[in-house]
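Undergrad: Okay, here's the prediction I keep looking at, along with the sequence it came from:
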Amino acid sequence: MGILAIAEATQTMGVANCDAQSTAALWLIYLVSCNLPLTMAWSTVLNKDQFNYFQDSLAVSAANPQGAAQAAADFTTCTADQASMNAATGFQTTMVQNEKSLVKNLGNAMDQVYDVESPLAQLLKQTTNLILGFAS
C-alpha cells in the first residue's frame, strides 16, 4: 500500500507540475508576442541612429570640423533613443525573463519529481525478483 500511495502522489505531483509548466510556457509565448513588435520597432530606430552616428563619425576630418559636432549630436540621439527603448520595453522584457526562468525551474522540478520515482522502480524490481524467486 505504501508504494502505491507514493506512486499516486508522484503521479499527482507530475500532473500538477506539467500543468503549471504548460501554463507558464503559454504565458511566455503570449508575453513574447506582445513584446516582440515593440522591441523590433525600437531596434529599427536604434539601427538608424547607430548608422547615422557611424557614418557621421567617419566624416570627421580637418577639412570638416563641424562633422565632430554632428557625430556628437548623433551619439546623443542614439543614447536618448536607447534610454527611451529601455523605458518602453523594460517592464515587458523583465516579465519575459522572469517567465523564462519559471518555465526552466518547473522543468527542473519535473526532473526532481521523477527522481522520487526512481527508488520505487528499484524496490519494485527487487520485490518482483523476490516473488519470482519464491515461485521457482
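TA: Here it is on my side, so go on. Numbering: from 1, shown residues only.

Undergrad: Tell me the predicted confidence for the nearest residue to residue 35 once chain neighbours are set aside.
TA: Once flanking residues are discounted, residue 35 sits nearest to residue 92: 4.3 Å by CB to CB, 6 or more residues apart in numbering. No exception for glycine: its C-beta is placed from N, CA and C like everyone else's. pLDDT, residue 92: 89.

Undergrad: what about residue 92, which helix or strand?
TA: helix 66-135 (DSSP states H and E).

Undergrad: elements contacting that helix?
TA: Applying 3 or more CB pairs under 8 Å, 6 or more residues apart in numbering; DSSP states H and E, one finds that helix 66-135 contacts helix 2-58.

Undergrad: Taking helix 66-135 as reference, get the angle to the helix it packs on.
TA: Interaxial angle of helix 2-58 relative to helix 66-135 (axes from the mean of the first three to the mean of the last three CA atoms, to 10 degrees): 160 degrees.

Undergrad: and helix 2-58, how far from the chain's centre?
TA: Relative to its chain's centre, helix 2-58 lies at 5 Å (CA atoms, centre = their mean, to the nearest Å).

Undergrad: average model confidence for that helix?
TA: 89.

Undergrad: With stretch 67-81 instead?
TA: Mean predicted lDDT for stretch 67-81 stands at 93.

Undergrad: related to what we said a few turns ago, quick one: neighbours of the residue nearest to residue 35, just the number.
TA: Residue 92 has 16 neighbouring residues, counting by other CB atoms under 10 Å.

Undergrad: In this structure it contacts residue 37, no?
TA: No. In this structure residue 92 lies outside contact range of residue 37 using CB atoms under 8 Å: 10.7 Å.

Undergrad: any idea which residue sits dead centre in the chain?
TA: residue 100 (2.9 Å; CA atoms, centre = their mean).

Undergrad: burial of the nearest residue to that residue once chain neighbours are set aside, as a residue count?
TA: Take residue 100 and drop its neighbours on the chain: the residue closest to it by CB to CB, 6+ apart is residue 28, 6.3 Å away. The local packing of residue 28 (other CB under 10 Å) involves 19 other residues.

Undergrad: again, but for residue 78
TA: Residue 78, neighbours per other CB under 10 Å, totals 19.
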